[in-house]
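Peer 1: Give me the fold of what follows.
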Amino acid sequence: MSASSAHAAPPPLDLGGGRQIAMVEVAAGTFAQGSAPDEPGHAADEGRRDVTLTRTYWISRAPVSAGQFRAFATDAGYVTEAEKGTSGGFGWDGTKLVQDKRYNWRSPGFPQTDDDPVVIVTFGDAQAFAGWVARKTGLAVRLPTEAEWERAARGGSRGRFFWGNDETQAEANAWFAKNAGAGTHPSGSKPQNDLGLVDAAGNVWQWCLDFHGPISGASATDPFQGTGVTWEHSDKPRRVLKGGSWLTNDRWKVRPAARNRATEGSRNSDFGFRIVAFPKGTTDPLGPAMSSPALAPSRSSGSSGSGSGSPTARATPPCSGAARSDASAPSASSPRSSSRFARSSGRPRAARPAALGRAGPQGRRRLLARRPHRRRAERRELQRAHHVGHARRPRRRLARPAGHLRLHRRAPHRRSHHRHARRRRRLCPASRARRPERELLEPARLAPPPSPRRHVGQLWLIELAQRVLAPLS
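Peer 2: Numbers count the residues shown, from 1 in each chain. A predicted model of the protein is given here:
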């Protein structure tokens, strides 16, 4: 894909209040993603493959700036995750990144202008900004996939860097630890690539839509890693970041193929993002649900603020299997979630056996009253399901006389009454707790009265002894 065929000047996205986002058009086509195993700086997760992008898309010329993000926060009343809770973000204290409540996108620990890339924004904050721009412009807007970001950052170059293979030119083309100092720099202060993108290497790491995972060598069309995976000793799924930053020490990390990863709730002072948009009449290859993420609600508290934790309220698109399973769960207004089918404790009910589901109240009682030919575990499952099916409202704990057996209010058949009474006493903790009380109040059960026959035998022996001893006296 040649640079001349991809380069165009689409109209900027109007944010209102005099703020705009300049965009660059990237034509559909095929390019080589990743790096070869013998390339200097190659990492194990940088698989080499041919990628075909089937849609023409627009990508922001520079990372979203602090001024553009301020317009969003003011207009939408948005509060970032670093501003919530008590932990804050990871800011620069002069020597290293430190997490503190005073660090957020407004004060990252170093001075910024409105043209500097916004930092200390989480994946959810970036998604919220993209959703806001989508409503402002009426276009399909989202974060770029890793393939879309790398295609635009390369700008048609097949070398290690967007300017070629000369590593010594890194200081002249990118901001990283060798020349950046302590903090970001205004976007556009380094040369642009062949497509017109600035900060395609260095300044800030930029969020991508994909989850981090290994890249196979097979060719792909519009690739997107939408399912979270744990890989390379990672304890939880993480998103991909690209580009390198002002804290990056090594030159090879500003290559387009280089990858970074972080949890969605990470908020560092070298994390920023770009957005992509699709022209009117062009559909998003990932589907409409991905290109207009919902605005995450702004709250004054809620997130714990840890750099590795997940945000409390996050506008994550339904890309993973977990999100789809949550969406398919019954709502609070569905019949399955009503109190008729829920335990009184509020926990979700267990699945009832099919036999109890088909039987009515009388049939369920008959099933519970069968002879104990079933296994113990199965009988207890039927018992629990019977409780669930009739727990229409929480039971009221009333004072009951001592010796009362906590039987089910729908008693089973009479011939199995005592067997179920013993089962209730065994399964009901409250009944076991009252058992000593019954024994104290009813001592007759412990020491039954002597039999009358015993008294008759004793009187006969006494009378016989008197007759034998009478002549001797």
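Peer 1: distance of the residue lying closest to residue 62 once chain neighbours are set aside from residue 23?
Peer 2: Leaving aside its chain neighbours, residue 62 sits nearest to residue 187 (3.7 Å; criterion: Cβ to Cβ, 6 or more residues apart in numbering). From N, CA and C alone the C-beta is placed, and that goes for glycine too. Counting by Cβ to Cβ, to the nearest Å, the separation of residue 187 from residue 23 is 14 Å.
Peer 1: And residue 43, by the same measure?
Peer 2: In terms of Cβ to Cβ, residue 43 sits 31 Å off from residue 23.
Peer 1: Just want to know which of these two has more residues nearby.
Peer 2: For residue 43 versus residue 23, neighbours defined as other Cβ atoms under 10 Å are more numerous around residue 23 (23 against 16).
Peer 1: ok so, going back, burial measure for the residue nearest to residue 62, as a count.
Peer 2: 23.
Peer 1: same deal with residue 50?
Peer 2: A count of nearby residues for residue 50, using other Cβ under 10 Å, gives 14.
Peer 1: Check the one 10 residues further on too.
Peer 2: Residue crowding around residue 60 was assessed by other Cβ under 10 Å; the count is 27.
Peer 1: residues touching it, list them.
Peer 2: Contacts for residue 60 were tallied using Cβ atoms under 8 Å, 6 or more residues apart in numbering; they are 21-24, 274-276.
Peer 1: Where does pLDDT dip in the protein?
Peer 2: Applying pLDDT under 70 to the chain flags residues 1-8, 231-234, 292-458, 473.
Peer 1: let's see 80
Peer 2: 1-8, 85, 229-235, 289-460, 472-473 (pLDDT under 80).
Peer 1: Which parts of it are helices?
Peer 2: 3-6, 66-76, 123-137, 146-154, 170-173, 288-291, 321-327, 354-358, 361-368, 376-390, 417-427, 429-441, 452-469 (DSSP state H).
Peer 1: how much does the third one deviate in direction from helix 66-76?
Peer 2: So that's helix 123-137. Counting by axes from the mean of the first three to the mean of the last three Cα atoms, to 10 degrees, helix 123-137 points 70 degrees away from the direction of helix 66-76.
Peer 1: What helices and strands are in contact with helix 123-137?
Peer 2: strand 13-16, helix 66-76, strand 140-142 (3 or more Cβ pairs under 8 Å, 6 or more residues apart in numbering; DSSP states H and E).
Peer 1: Need these in TSV (columns: mean neighbour count).
Peer 2: TSV is the format used below for those (neighbours: other Cβ atoms under 10 Å):
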stretch	mean neighbour count
strand 13-16	16
helix 66-76	19
strand 140-142	25
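Peer 1: can you redo the ones you listed as TSV with distance to residue 236?
Peer 2: Shown next, in TSV, are the helices and strands packed on helix 123-137 (distance: least, Cβ to Cβ, whole Å):
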stretch	distance to residue 236
strand 13-16	33
helix 66-76	27
strand 140-142	23
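Peer 1: I'd like to know which of those lies nearest to residue 51.
Peer 2: The closest of these to residue 51 is strand 140-142. By Cβ to Cβ, the value is 18.0 Å.
Peer 1: Going by contacts, tell me the helices and strands next to that closest one.
Peer 2: Other helices and strands packing on strand 140-142, by 3+ Cβ pairs under 8 Å, 6+ apart, are helix 123-137, strand 276-278, helix 288-291.
Peer 1: Run me through the strand neighbours of the shortest one, direction for each.
Peer 2: So that's strand 276-278. The strands beside strand 276-278 in its sheet (DSSP bridges) come out as strand 57-60 (antiparallel), strand 140-142 (antiparallel).
Peer 1: can those go into TSV with extra columns for distance to residue 79?
Peer 2: Listed next are those as TSV, based on distance: least, Cβ to Cβ, whole Å:
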stretch	distance to residue 79
strand 57-60	23
strand 140-142	21
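Peer 1: coming back round to it: among the helices and strands packed on helix 123-137, which is nearest residue 172?
Peer 2: Per Cβ to Cβ, nearest to residue 172 of these: helix 66-76, 25.0 Å.
Peer 1: All good on my end, thank you.
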